[in-house]
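Undergrad: Whatever this is, show me its structure:
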Amino acid sequence: MPELPEVETARRGLAPAMEGATFTRVKINRPNLRFPFPDNFAVRLENCQVREVTRRAKYLALYLDNEEVLVMHLGMSGSFHVEKLDTENIDGESLHHDRDRFAIHDHVIFYLENGKNQFQVTYNDPRRFGFMDLINSDQLANHKYFANLGIEPTGNSLDGECIRDLFTNRKAPLKAAILDQKLIAGLGNIYVCEALWQAGLSPKRQAKTLCTSSRVAKIRADKLADAIRDVIARAIEAGGSSLNDHRQTDGTLGYFQHRFNVYDREGENCNRKECAGNINRIVQSGRSTYYCGSCQK
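TA: Here you go, the predicted model:
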């Protein structure tokens, strides 16, 4: 499933084409994705201008000039492809059909005009777990998608003290606490495994152990906050991780999977220089957890 870095990569790829652009046409190739499209979806978008392309957790949010927000989630396998069109072929149909053999999964195609430029933005989703919705901007903060989301892990507000506040009295394993979207929004399995390795913390450790009055607990919380922010920043810089379906908006792969220290490396040597351990895999809450039992305590 695309995690925060993949969604942020998508946002950065969409923004240059879509911010300030007007939808000239919206083509929907099926009646639904994970959920049915909103009533009159295409009609409501056409002739609207995109004021801003934003991200909250794993959601993309396009603020429109009609005071609605186009909210999009990539689900398990969703991705966007941006193409600048020749002004003599602004319909873009030939580009759509010739792009690649997976065009059968191109479920939504947005045509936009941005100044003198014409763009085609195609949403491709083989598994169809993504979705799109239109929400009034004044209802967004309290909407079911956003009302209970926790802090974003990309800014300085996520520090050691914040971690300690969030995890106070929580008996859950550390990995489960970090994955709780009501505490920290947008983190997924891959990057939590990587951050815990970088911080030298076991995924099995109780979250509340970072919240005692000891100096060691404070150091551990600081290291975890630093590791989360660093892993996410490096993953975004690398364009995310391409394991199965993820592509950047120009069609290229993300590269962070080549930098994994633990994820999907069961049985391999630990990358920490001073560690002679191997990477283990366990299952926590139905998900694979990768960690080094020697250096993660």
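Undergrad: show me where pLDDT drops low in this protein?
TA: Applying pLDDT under 70 to the chain flags the ranges 1, 87-101, 240-258.
Undergrad: which helix in it runs the most residues?
TA: helix 215-237 (DSSP state H).
Undergrad: tell me what that one is packed against?
TA: On a contact count with 3 or more CB pairs under 8 Å, 6 or more residues apart in numbering; DSSP states H and E, helix 215-237 meets helix 4-18, helix 160-167, helix 174-179, helix 189-199. C-betas here are computed from N, CA, C, even on glycine.
Undergrad: mind redoing it with 7 Å?
TA: helix 4-18, helix 160-167, helix 189-199 (3 or more CB pairs under 7 Å, 6 or more residues apart in numbering; DSSP states H and E).
Undergrad: I'd like the distance from the first one to the chain centre, please.
TA: By that I understand helix 4-18. 10 Å (CA atoms, centre = their mean, to the nearest Å).
Undergrad: Can you check what angle separates it from helix 215-237?
TA: Helix 4-18 and helix 215-237 are oriented at 40 degrees to each other (axes from the mean of the first three to the mean of the last three CA atoms, to 10 degrees).
Undergrad: which other helices and strands contact the helix or strand just after helix 4-18?
TA: With elements assigned by DSSP states H and E, the helix or strand that comes after helix 4-18 is strand 22-28. In terms of contacts (3+ CB pairs under 7 Å, 6+ apart), strand 22-28 is packed against helix 41-45, strand 106-114.
Undergrad: Now tabulate these in CSV and tack on mean neighbour count and distance to Val71.
TA: As requested, the helices and strands packed on strand 22-28 are exported to CSV (neighbours: other CB atoms under 10 Å; distance: least, CB to CB, whole Å):
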stretch, mean neighbour count, distance to Val71
helix 41-45, 16, 12
strand 106-114, 21, 13
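Undergrad: what residues does the longest helix of the chain touch?
TA: 4-5, 8-9, 153-154, 158-160, 162-164, 191, 194-195, 198-201, 209-211, 241, 256 (CB atoms under 7 Å, 6 or more residues apart in numbering).
Undergrad: Compute the inter-axis angle for that helix and helix 160-167.
TA: Orientation note: helix 215-237 sits at an angle of 100 degrees relative to helix 160-167 (the same axes, to 10 degrees).
Undergrad: Buried residues, helix 215-237. List them.
TA: For helix 215-237, the neighbour count (16 or more other CB atoms under 10 Å) marks 217-218, 220-229, 231-232, 235-236 as buried.
Undergrad: of all these, which comes closest to Arg281?
TA: Proximity of the buried residues of helix 215-237 to Arg281 was ranked by CB to CB; the top entry is Val231 with 18.9 Å.
Undergrad: Nearest to Asn136, out of the helices and strands packed on strand 22-28?
TA: helix 41-45 (11.5 Å).
Undergrad: Going by neighbour count, list what's buried in the helix or strand that comes right after that closest one.
TA: Counting by DSSP H and E, the next helix or strand C-terminal to helix 41-45 is strand 50-56. Neighbour counts over strand 50-56 (16+ other CB under 10 Å) mark 50-51, 53, 55-56 as buried.
Undergrad: next one: stretch 178-190
TA: 178-180, 183-190.
Undergrad: what distance separates it from the centre of its chain?
TA: Distance of stretch 178-190 from the chain centroid (CA atoms, centre = their mean) equals 11 Å.
Undergrad: quick one: terminal-to-terminal distance for it?
TA: 12 Å (CA to CA, to the nearest Å).
Undergrad: same check, this time on stretch 183-191
TA: 16 Å.
Undergrad: how distant is that stretch from the center of its chain?
TA: Put simply, stretch 183-191 sits 9 Å off its chain's centre (CA atoms, centre = their mean).
Undergrad: ok, residues contacting it?
TA: Here stretch 183-191 makes contact (CB under 7 Å, 6+ apart) with 1, 3-5, 57-58, 149-153, 158, 166, 177-179, 231-232, 235, 241, 263, 287.
Undergrad: Could you do stretch 259-279 as well?
TA: 190, 193-194, 197, 238, 280-281, 290-295.
Undergrad: one more time with 10 Å
TA: Applying CB atoms under 10 Å, 6 or more residues apart in numbering, the contact partners of stretch 259-279 are 189-194, 196-198, 200, 203, 231, 234-235, 238, 241, 243, 256-257, 280-282, 288-296.
Undergrad: could you flag which of these are buried?
TA: Neighbour counting by 16+ other CB under 10 Å classes 189-194, 196-198, 200, 203, 231, 235, 238, 241, 256-257, 280, 289-292, 295-296 among those as buried.
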